[in-house]
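Enquirer: What follows is a predicted protein model with its sequence.
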Amino acid sequence: MLTKEQKRKQSDDLRAALDGISTLFIMENRGLSVNEVNELRSKIRKANASYKVVKNSVVRLAVADTQLQQLSEHLAGPNAFAYTSGDGVELAKILRDFAKEHVALSFKEGYLEGRILPAEQATKLAEVPSRQELLTRLAYLLQSPLRRLAVALNTPVQKLASAVHQIAEHKN
């Protein structure tokens, strides 16, 4: 059992860790082994994210009077928290893939840019293309009209060069 001082210290540390995050997932954790949790943490760290198992009372203290306060009403049972200030889609994909292999872990709620997401929407976030994929698609879409314009502008010049070449061959 934690003392009030220990809870206050943990909540202050958690509040500092959650400051500035863009995405958070509340995961229902019912029976992952220590090795499985370590494996998950390793995958999450590679995505510049964090995974914590913290008492709900500590989380309530940490999110009180913050933009995350609305999470308090969703805290019941054994929870784990995965969060990042980076790419939330990448984190969602890691959690979804891990939850497919380990039924003891499942999405409970999500928090994305100030909005609470139900479990279904939090899971669907993993289906969104990554930021890198979206930027690649955008670059391709922007490049395509420019390429067509260059070809269209180059075609009359090629036809003129071909005509001049044919005239020169005909005169010889």
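Expert: Structure's in. What do you need?

Enquirer: give the contact list for the nearest residue to L71 once chain neighbours are set aside.
Expert: Spatial nearest neighbour of L71, chain neighbours left out: V63 (5.5 Å); criterion: Cβ to Cβ, 6 or more residues apart in numbering. In this view, the C-beta of every residue, glycine as well, is placed from N, C-alpha and C. Shown in contact with V63 (Cβ atoms under 8 Å, 6 or more residues apart in numbering): R15, L18, Q69, L71, S72.

Enquirer: which helices and strands sit right next to the longest helix anywhere in the chain?
Expert: Ranked by residue count, the top helix of the chain under DSSP state H comes out as helix 131-171. Applying 3 or more Cβ pairs under 8 Å, 6 or more residues apart in numbering; DSSP states H and E, we find helix 131-171 packed against no helix or strand.

Enquirer: If we use 10 Å, what do you get?
Expert: helix 88-101 (3 or more Cβ pairs under 10 Å, 6 or more residues apart in numbering; DSSP states H and E).

Enquirer: what's the angle from the helix it packs on to helix 131-171?
Expert: Counting by axes from the mean of the first three to the mean of the last three Cα atoms, to 10 degrees, helix 88-101 lies at 110 degrees to helix 131-171.

Enquirer: Relative to the next helix or strand after helix 88-101, what are the paired strands and their orientations?
Expert: Downstream of helix 88-101, the first helix or strand assigned by DSSP states H and E is strand 105-112. According to DSSP bridges, strand 105-112 forms sheet pairs with strand 23-29 (antiparallel), strand 115-118 (antiparallel).

Enquirer: After the last one, heading C-terminal, what element do we hit next?
Expert: Toward the C-terminus, strand 115-118 is succeeded by helix 119-124 as the next helix or strand (DSSP H and E).
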